[in-house]
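Trainee: can you look at this prediction? I've put the sequence above it.
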Amino acid sequence: MDSRTPDELEATLAGIDAPVTLVFFTQTFGCDSCLPARQIVDRIASFSDQITVEEYNLVLDKDQVETYGVQRVPAIAVVGQADVGIRFYGVPEGHELVSLVKAITLVAAGDSGLSDESRALIGSVDQPIDIQVFATPT
Amino acid sequence: MAFENAHITASAVAAVEYPDLVRQYRVTGVPKTVVNERVEILGAEPEASFVAHVLESIA
């Protein structure tokens, strides 16, 4: 398991050299974790000029909710030149934060980092696959 | 994987915040991966075996 320190995450984010948008979904009522999630998103964005944040409301911004296929909040879509379908649900803390930073660097670099064998297998997929990974901060 | 194919989407879900999903997918330990609501992968796996398991969802 990756155990990089906050300083290392900061340095990693500072090294990003292509634009990434964190599309954040919130709602006005009934979402206690939306504010802490937004604060972490803002903090991440503060470490790199390449990272911008867009915020939408799950109830009000129907077009964006449909475009990004988000059903719950807080949600973060990690979007580079294109939206490849990477989402984070909940407050990104601990392992989740490390994963989010990893996703941002991957999207910025335009490279999944997977082996040639994996790429070949995945490249031939011609029907929808939805992967949900459940995790906890520690 | 989502990166390599437009048909694939990947979500990381903070388990503690979504008890309804934890119940729905019977998450009793983390990490737990659910693919297309039918293939379940418990714990972390090496890349090759993870990819193979994910592809089982459409086999």
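Mentor: That came in fine, so what should we check first? Numbers count the residues shown, from 1 in each chain, chains lettered A, B, ... in the order given.

Trainee: stretch A:72-86: end-to-end distance?
Mentor: By C-alpha to C-alpha, to the nearest Å, the extent of stretch A:72-86 from end to end equals 14 Å.

Trainee: now do that stretch: everything it contacts.
Mentor: Stretch A:72-86 has contacts (C-beta atoms under 8 Å, 6 or more residues apart in numbering or on different chains) with A:18-27, A:31, A:33-34, A:37-38, A:41, A:58, A:68, A:70, A:87-92, A:100, A:103-104, A:107-108, A:110, B:2-3, B:6, B:8-11, B:18. The way it works is simple: take the backbone N, C-alpha and C, and place the C-beta from them, glycine included.

Trainee: what stretches of chain A score poorly on pLDDT?
Mentor: A:1-4 (pLDDT under 70).

Trainee: can you rerun that using 50?
Mentor: A:1-2 (pLDDT under 50).

Trainee: returning to that earlier point: out of the contacts of stretch A:72-86, which are inside strands?
Mentor: Judged by DSSP state E, strands contain the following of the contacts of stretch A:72-86: A:20-26, A:87-89, B:8-11.

Trainee: which of those residues sit farthest apart?
Mentor: A:26 and B:8 (26.0 Å; C-beta to C-beta).

Trainee: what average pLDDT does the host helix or strand of residue B:23 get?
Mentor: For residue B:23, the element it lies in under DSSP states H and E is helix B:19-24. Average pLDDT, helix B:19-24: 95.

Trainee: up against chain A, what does chain B have?
Mentor: By C-beta under 8 Å from any C-beta of the partner chain, the residues of chain B that approach chain A are B:1-18, B:21-22, B:25, B:27, B:30-37, B:44, B:47-48, B:51-52, B:54-55, B:57-58.

Trainee: go ahead and build a PyMOL selection from the buried members of the residues you listed.
Mentor: Here is the PyMOL command that selects the buried residues among the residues of chain B next to chain A (16 or more other C-beta atoms under 10 Å in any protein chain shown):
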select buried, chain B and resi 1+2+3+4+5+7+8+9+10+11+12+13+14+15+16+17+18+21+22+25+27+30+31+32+33+34+35+51+54+55+57
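
Trainee: for chain B, give the residue positioned nearest to chain A.
Mentor: Here the residue of chain B nearest chain A is residue B:14; by C-beta to the nearest C-beta that distance is 2.5 Å.

Trainee: quick one: furthest residue from the center of chain A?
Mentor: residue A:117 (25.4 Å; C-alpha atoms, centre = their mean).

Trainee: my read is that that one contacts residue B:49, right?
Mentor: No: Residue A:117 is beyond contact range of residue B:49, at 11.7 Å (criterion: C-beta atoms under 8 Å).

Trainee: so what does the one helix or strand residue A:122 maps to touch, helix or strand wise?
Mentor: Using DSSP H and E, residue A:122 sits in helix A:116-123. Counting contacts by 3 or more C-beta pairs under 8 Å, 6 or more residues apart in numbering or on different chains; DSSP states H and E, helix A:116-123 packs against helix B:47-56.
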